[in-house]
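Colleague: okay, sequence plus prediction incoming.
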Amino acid sequence: MLRLTFSGNPKPKNNLIIFGFLMHRMSFSNPKKIYFASDQHLGAPTPEASFPREKRFVAWLEEIRHDAEAIFLLGDLFDFWFEYKTVVPKGFVRVLGKLAEIRDSGIPIYFFVGNHDLWMSGYFEKELNIPVYHDNQEYTFNGKTFLIGHGDGKGPGDKGYKRMKKVFTNPFSKWLYRWVHPDWGVKLAQYLSVKNKLISGEADVKFLGEDNEWLVSYAKRKLETKHYDYFVFGHRHLPLVIKLKENATYINLGDWIGYFTYGVFDGEHFELKEYKQ
């Protein structure tokens, strides 16, 4: 079992601060597993169209809870999410309820914001007791080192989105947006999320070749200064497993729009699997 003690948000006390970077150390025993998923984009292109995908994702959560030691959600769970002071977007009660139920049962859940739901500011922590991370985190599972994050804005290129992200994450910009009535603000953001690829930060979803995949380049550059056994990201909407140098592996989790893929680590090996309901 994971040796974790929680106080408030489920953050393990047996963490280390190394060169200013938070490293989470976890150990667990078979048959427990750690699960990873990303890019559900619930609400897109319409709430009605995404409803079957939400039900499928909830069914997956219910299935894995029986042997899950921890669950990592790597961003873009929602196609749009903005927290006003007293309002959150309407809908998603099934997935939020299932996450609350699983978390209340004692299973840790960790959420990494994506480029579509980066405006989180406390709701998950307060209502679901799920910690939310806005950047990559390091973990050690059974002696294997992981670098985990959503993946947007990492690596070379994508300069237009990187500039846009600075605007979106600026506290003053968020303060201004909160003055827009939620009925207008949510509809506007949902429209732009689908129509404007600069805002969404989504590149071509076709495999561009190892040398042209920005996250692969990012992982290789990180390996120049420190070894990781696994780099686990979302964002690209492609299920990818690419062997890198020094016994390191880059993994992209795919999505829950066309692939319905997820990652699972059993303490020794990492696999990408498709959920077939």
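Modeller: Great, that's in hand. Numbering: from 1, shown residues only.
Colleague: any idea how far the closest residue to D152 other than its chain neighbours is from D76?
Modeller: In this structure, D152 finds its nearest non-sequential neighbour in N115, 4.1 Å apart by C-beta to C-beta, 6 or more residues apart in numbering. Where you see a C-beta, it was placed from the backbone N, CA and C, and this is true even at glycine. Look at N115 and D76: by C-beta to C-beta, to the nearest Å, they are 7 Å apart.
Colleague: any shared contact partners between those two?
Modeller: 150, 235 (C-beta atoms under 8 Å, 6 or more residues apart in numbering).
Colleague: still on that earlier bit, surely the residue nearest to D152 touches G149?
Modeller: No - if you go by C-beta atoms under 8 Å, N115 and G149 don't touch, sitting 11.5 Å apart.
Colleague: higher neighbour count, those two?
Modeller: G149 (26 against 22; other C-beta atoms under 10 Å).
Colleague: and the nearest residue to the more buried one once chain neighbours are set aside, how close does it get to E101?
Modeller: Excluding the flanking residues, the one nearest G149 by C-beta to C-beta, 6+ apart is N136, at 3.6 Å. The gap separating N136 from E101 is 28 Å, by C-beta to C-beta.
Colleague: and those two? which has more neighbours close in?
Modeller: For the pair N136 and E101, the greater number of neighbours falls to N136 (19 against 14), based on other C-beta under 10 Å.
Colleague: that one contacts I148, correct?
Modeller: Yes - taking contacts as C-beta under 8 Å, N136 lies within contact range of I148: 6.5 Å.
Colleague: pull up the overlap in contacts between N115 and G149.
Modeller: Overlap of the contact sets of N115 and G149 (by C-beta under 8 Å, 6+ apart) consists of G75.
Colleague: where exactly do the strands run in the stretch 1-150 of the chain?
Modeller: Under the criterion DSSP state E, counting those that start in this stretch, the stretch 1-150 of the chain carries strands at the ranges 15-18, 21-26, 33-37, 68-73, 109-112, 132-133, 137-141, 144-148.
Colleague: make that the stretch 151-277 of the chain, sorry
Modeller: Under DSSP E, counting those that start in this stretch, the stretch 151-277 of the chain gives strands at 230-233, 239-243, 249-253, 261-265, 270-274.
Colleague: output the ones you listed as TSV; include the columns mean neighbour count.
Modeller: As requested, the strands of the stretch 151-277 of the chain are exported to TSV (neighbours: other C-beta atoms under 10 Å):
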stretch	mean neighbour count
strand 230-233	25
strand 239-243	15
strand 249-253	24
strand 261-265	22
strand 270-274	14
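Colleague: tabulate those strands in a markdown table, adding columns for mean pLDDT and distance to K32.
Modeller: Compiled in a markdown table, those are given as follows (pLDDT from 0 to 100; distance: least, C-beta to C-beta, whole Å):
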| stretch | mean pLDDT | distance to K32 |
| --- | --- | --- |
| strand 230-233 | 98 | 18 |
| strand 239-243 | 96 | 22 |
| strand 249-253 | 97 | 20 |
| strand 261-265 | 98 | 10 |
| strand 270-274 | 97 | 15 |
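Colleague: let me know which of those is the nearest to P108.
Modeller: strand 261-265 (14.0 Å; C-beta to C-beta).
Colleague: next one: the closest one to chain centre, how far?
Modeller: Distance of strand 261-265 from its chain centroid, counting by C-alpha atoms, centre = their mean, to the nearest Å, is 13 Å.
Colleague: can you check stretch 63-73 too?
Modeller: 15 Å.
Colleague: and the end-to-end length of it?
Modeller: 16 Å (C-alpha to C-alpha, to the nearest Å).
Colleague: residues near D135, how many?
Modeller: 11.
Colleague: which residues does it contact?
Modeller: G149.
Colleague: model confidence for it, exactly?
Modeller: pLDDT recorded at D135 is 92.
Colleague: repeat for the one 4 residues further on
Modeller: Here the pLDDT value assigned to Y139 is 96.
Colleague: who does it form a beta bridge with?
Modeller: Listed by DSSP bridges, the beta-bridge partners for Y139 are H24, F146.
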